[in-house]
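Peer 1: Using only what follows, build the 3D model:
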Amino acid sequence: MRPCDGRTVLLGVTGGIASYKSAWLARLLTKAGAAVDVVLTRSATEFVSALTFEALTGRPVHAGLFDAGAALEHIRLARAADAIVVAPATADFLARAAAGQANDLLTAILLATKAPVLLVPAMNDHMWSHPQTQKNVNHLRTLGYLVLDPEDGDLAAGEGEGPGRMPEPETIFAHVGRALEKHGKLAGRRVIVTAGPTREALDPVRFISNHSSGKMGVAVAAAAWRRGAHVTLIAGPMPTAAPPGVELRRVNTTEDMAAAVGTLLHDADVLVMAAAPADFRPAAVATTKIKKGKGAPVLSMVHTTDILQSTIAKRRKGAIVVGFALETDQALTHGATKLKDKVLDLIVVNDATEAGAGFDVDTNRVTLLSRTGEEESLPLMSKAAVADAILDRVERLTQ
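Peer 2: Predicted coordinates:
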């Protein structure tokens with residue numbers, strides 16, 4: 001199931017240069033399964049056309065409060081929306097919304113809706129920092145609107161860089177998803193997710209690691225944050241970017257990851273150990289580069305900290321712990337053993353040798369084993385879908 005299936009999202013677009021990004025946001029929402037109703041303010045039509053949004057959403061675009069036959073359109077649209085996002089939201093629009101005005105279709109909809117409202121400011125940095133704009137934003141937040149802070153970056157008209165740039169559509173999309181889903185069992189819960197590989201140094205220029213991209217852990221972190229959780233992602237040196245909204249803690253070695261998990265574990269409601277930390281490290285790290293020489297060097301290896309094992313005595317009472325078992329043979333047998341030995345509530349088992357189910361791919365085929373003996377094999381699906389399947393089961397265990 002896609003994140004927005006069966007949901008209606010109203011996308012308001014006001015008259016700023018950043019409105020060109022709103023077309024891509026409409027596309028992302030539509031691809032995620034949402035019915036997207038677009039409302040353009042009069043000034044927005046100076047920057048983008050209704051035809052563009054109609055082509056992307058497959059739905060009519062709305063503009064005038066007093067268009068023929070649309071006397072109660074603001075009521076219908078307000079009631080139909082599961083979430084409302086205004087992107088970009090100009091300084092003028094923020095001022096009118098903060099004052100409770102209803103002098104165009106979009107502001108009238110805001111007054112008539114009970115849906116969550118996300119406002120995404122975009123403007124010149126001096127306009128954003130003006131005391132009146134800040135007063136308006138603070139007031140809007142007290143009214144219950146979610147107002148994103150603009151990002152630093154290049155501004156229009158050669159104004160250089162500063163806070164005022166509209167966040168990228170993918171970031172806004174993530175916040176819309178959270179607005180739609182944040183009232184489930186994970187809302188307000190503290191979730192720790194580990195992701196990616198770790199590195200164990202051989203010498204100043206070489207290390208032992210693995211092919212983990214971190215995609216599975218990142219997908220779990222993104223899905224947990226979308227469901228309303230406070231998420232900390234503890235990530236090794238992975239190529240995959242962290243998702244919006246989560247707190248990111250970067251680590252390098254297995255010892256670093258173990259220390260980070262141990263620091264946060266005392267108040268975690270859910271721990272999802274999706275990382276692939278190195279199991280071994282050199283007994284000694286060379287202080288200079290190991291030269292090629294005539295023969296290959298002989299390395300003495302020792303075990304790294306077993307992070308999951310180290311958490312057993314430190315876990316918060318009632319915390320739900322999910323482990324992963326990436327195997328190359330007897331996957332279910334090894335997974336069941338790990339489930340028991342590491343005192344897990346759930347373990348996600350997959351075979352690294354199976355096409356589309358190992359490292360550095362966007363899909364996975366997993367089997368879920370639970371502490372109560374259930375075994376559920378999922379078909380090959382996207383890692384985002386696997387993440388949701390895992391969290392569905394975590395929510396069932398949540399008291």
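Peer 1: Apart from its chain neighbours, what residue comes closest to A384?
Peer 2: A219 (4.9 Å; CB to CB, 6 or more residues apart in numbering). Yep, even glycine has a C-beta here, placed from its N, CA and C like the rest.
Peer 1: dump the residue contacts of the one you found.
Peer 2: Contacts for A219 were tallied using CB atoms under 8 Å, 6 or more residues apart in numbering; they are K383, A384, V386, A387.
Peer 1: For those residues, work out which two are farthest apart.
Peer 2: Farthest pair in the contacts of A219 (CB to CB) is A384 and V386. Separation: 7.3 Å.
Peer 1: Got the domain ranges for this structure?
Peer 2: 8-181, 190-287+297-397 (automatic domain parsing).
Peer 1: can you list the ones you listed in JSON lines and add mean pLDDT?
Peer 2: Output for the domains of the chain, formatted as JSON lines (pLDDT from 0 to 100):
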{"stretch": "domain 8-181", "mean pLDDT": "92"}
{"stretch": "domain 190-287+297-397", "mean pLDDT": "95"}
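Peer 1: Helices along the stretch 101-250 of the chain, start to end?
Peer 2: Counting by DSSP state H, counting those that start in this stretch, one finds helices in the stretch 101-250 of the chain at the ranges 105-112, 125-129, 131-142, 169-181, 215-226.
Peer 1: Of all these, which one comes closest to S43?
Peer 2: Proximity to S43 (CB to CB) singles out helix 105-112 among the helices of the stretch 101-250 of the chain, at 10.8 Å.
Peer 1: mind putting the helices of the stretch 101-250 of the chain in CSV, distance to L148 included?
Peer 2: Shown next, in CSV, are the helices of the stretch 101-250 of the chain (distance: least, CB to CB, whole Å):
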stretch, distance to L148
helix 105-112, 16
helix 125-129, 12
helix 131-142, 10
helix 169-181, 6
helix 215-226, 14
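Peer 1: Those: which one's closest to A259?
Peer 2: helix 215-226 (17.8 Å).
Peer 1: ok so, going back, and the contacts of A219, which are buried?
Peer 2: Buried members of the contacts of A219, counted by 16 or more other CB atoms under 10 Å: K383, A384, V386, A387.
Peer 1: Surely the last one touches K215?
Peer 2: Okay, so that is A387. No. If you go by CB atoms under 8 Å, A387 and K215 don't touch, sitting 9.8 Å apart.
Peer 1: so the residue of the chain positioned farthest from its centre, which of the three states?
Peer 2: No residue in the chain sits farther from the centre than K294, which is 49.9 Å out by CA atoms, centre = their mean. For K294, the assignment made with DSSP: H, G, I helix; E, B strand; the rest coil gives coil.
Peer 1: Show me which residues of stretch 8-25 are buried.
Peer 2: Under 16+ other CB under 10 Å, the buried positions of stretch 8-25 are 8-16, 18-19, 21-23, 25.
Peer 1: before we move on, what about stretch 366-381?
Peer 2: For stretch 366-381, by 16+ other CB under 10 Å, it's V366, T367, L368, L369, S370, L378, M381.
Peer 1: The spatially closest residue to the first one that is not a sequence neighbour sits in which helix or strand?
Peer 2: Pointing back at V366 there. Of all residues not flanking V366 in the chain, N350 sits nearest, at 4.6 Å (CB to CB, 6+ apart). Using DSSP states H and E, N350 maps to strand 346-351.
Peer 1: What strands line up against that strand, and which way round?
Peer 2: Using DSSP bridges, the strands paired with strand 346-351 are strand 320-327 (parallel), strand 367-370 (antiparallel).
Peer 1: Validate this expectation: L10 resides in a strand.
Peer 2: Yes. Checked against three-state DSSP, L10 lies within a strand.
Peer 1: The nearest residue to it once chain neighbours are set aside and N210, how far apart?
Peer 2: Distance criterion CB to CB, 6+ apart; nearest residue to L10, sequence neighbours excluded, is A81 at 4.1 Å. With distances taken as CB to CB, to the nearest Å, A81 is found 45 Å from N210.
Peer 1: got the residue ranges for the strands in the stretch 251-399 of the chain?
Peer 2: For the stretch 251-399 of the chain, the strands defined by DSSP state E, counting those that start in this stretch cover 270-273, 280-282, 301-303, 320-327, 346-351, 363-364, 367-370, 375-377, 381-382.
Peer 1: Let's have those in TSV, adding distance to F93.
Peer 2: Shown next, in TSV, are the strands of the stretch 251-399 of the chain (distance: least, CB to CB, whole Å):
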stretch	distance to F93
strand 270-273	38
strand 280-282	56
strand 301-303	59
strand 320-327	42
strand 346-351	45
strand 363-364	41
strand 367-370	46
strand 375-377	48
strand 381-382	36
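Peer 1: The ones you listed: which one's closest to P204?
Peer 2: Here strand 280-282 is closest among these (CB to CB), at 12.6 Å.
Peer 1: The closest one packs against which elements?
Peer 2: strand 200-201, strand 207-208, strand 301-303 (3 or more CB pairs under 8 Å, 6 or more residues apart in numbering; DSSP states H and E).
Peer 1: switch the cut-off to 10 Å
Peer 2: strand 200-201, strand 207-208, helix 254-264, strand 301-303 (3 or more CB pairs under 10 Å, 6 or more residues apart in numbering; DSSP states H and E).
Peer 1: how much space between the residue lying closest to R227 once chain neighbours are set aside and A55?
Peer 2: Distances taken as CB to CB, 6+ apart place L186 nearest to R227, at 4.3 Å, with adjacent residues excluded. Remark: distance between L186 and A55 (CB to CB) = 36 Å.
Peer 1: repeat for E374
Peer 2: For E374, the distance to A55 equals 46 Å [CB to CB].
Peer 1: cool, and L233?
Peer 2: 36 Å.
Peer 1: returning to what we had before: can you list the strands paired with strand 346-351 in CSV and add distance to H130?
Peer 2: Output for the strands paired with strand 346-351, formatted as CSV (distance: least, CB to CB, whole Å):
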stretch, distance to H130
strand 320-327, 46
strand 367-370, 52
